[in-house]
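Enquirer: curious how this folds, go ahead:
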Amino acid sequence: MDGVIGIVFNDRRDQILLVKRRDVPVWVLPGGGIEKGETPEKAIVREVFEETGYKTGVLRKVAEYTHTKSGRKSLVYECEILSGKARTSDESKAVRFFSIGHLQDKIYPLHSGWIQDGLTNQKKVIRASYVGVTSAMLLRQLFSHPVVVFRYLLVKIGLRINT
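Expert: Numbering: from 1, shown residues only. Have a look, this model is predicted:
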């Protein structure tokens, strides 16, 4: 199933909206799967609202990334907040804006590159492939964040622990 990812900047474009997941406690861009019969644009508006409490509108499609092994696509959209207040959900443990200059140790590594793509403000949609989580990434994270890696592996085998 293809997925959607939302990039939501503040008005000055120096902060980004992130969601701390409940199952694997890492900060990520809001997003999720596209439901049957749903357009990607409707899916990202729904996902951002479900995970953050903000009603958004799509400004532009930033990129279309294709996973090298599965062929699944991650469609990345820049969105703007129209209304609402930050709130958590069944999927999100926390919701907040972070300064873009201080993301490296807070965010899922793949997403930091996608945020940079969003900042470029290109008119043309970026089309690229990506590898996803590699064994080397997991090994590096294991030493600095063993609980996160353990919970990630549990999710991968179908066991979700929501806190």
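
Enquirer: outside of the longest strand seen in the chain, which residues touch it?
Expert: If you go by DSSP state E, the chain has its longest strand at strand 54-67. Applying C-beta atoms under 8 Å, 6 or more residues apart in numbering, the contact partners of strand 54-67 are 6-8, 17, 40-41, 44-45, 48-49, 72-86, 114, 117-118, 122-123, 125-132. All C-beta spots, glycine's among them, are computed from the backbone N, C-alpha and C.

Enquirer: pull out the buried members of those residues.
Expert: 6-8, 17, 40-41, 44-45, 48-49, 73-79, 81, 114, 117-118 (16 or more other C-beta atoms under 10 Å).

Enquirer: quick one on the thing from earlier: out of the contacts of strand 54-67, which are inside helices?
Expert: Using DSSP state H, the subset of the contacts of strand 54-67 located in helices is 40-41, 44-45, 48-49, 114, 117-118.

Enquirer: among those, which pair sits farthest apart?
Expert: 49 and 117 (23.0 Å; C-beta to C-beta).

Enquirer: state the distance from the closest residue to residue 10 other than its chain neighbours to residue 78.
Expert: Nearest residue to residue 10 in three dimensions, chain neighbours excluded: residue 97, at 5.6 Å (C-beta to C-beta, 6 or more residues apart in numbering). Residue 97 sits 15 Å away from residue 78, going by C-beta to C-beta, to the nearest Å.

Enquirer: ok, now residue 102?
Expert: 20 Å.

Enquirer: what do you get for residue 65?
Expert: Taken as C-beta to C-beta, the span from residue 65 to residue 78 is 14 Å.

Enquirer: picking up where we left off before, the longest strand of the chain pairs with which strands, and in what direction?
Expert: Strands that pair with strand 54-67, judged by DSSP bridges, come out as strand 73-84 (antiparallel), strand 126-130 (parallel).
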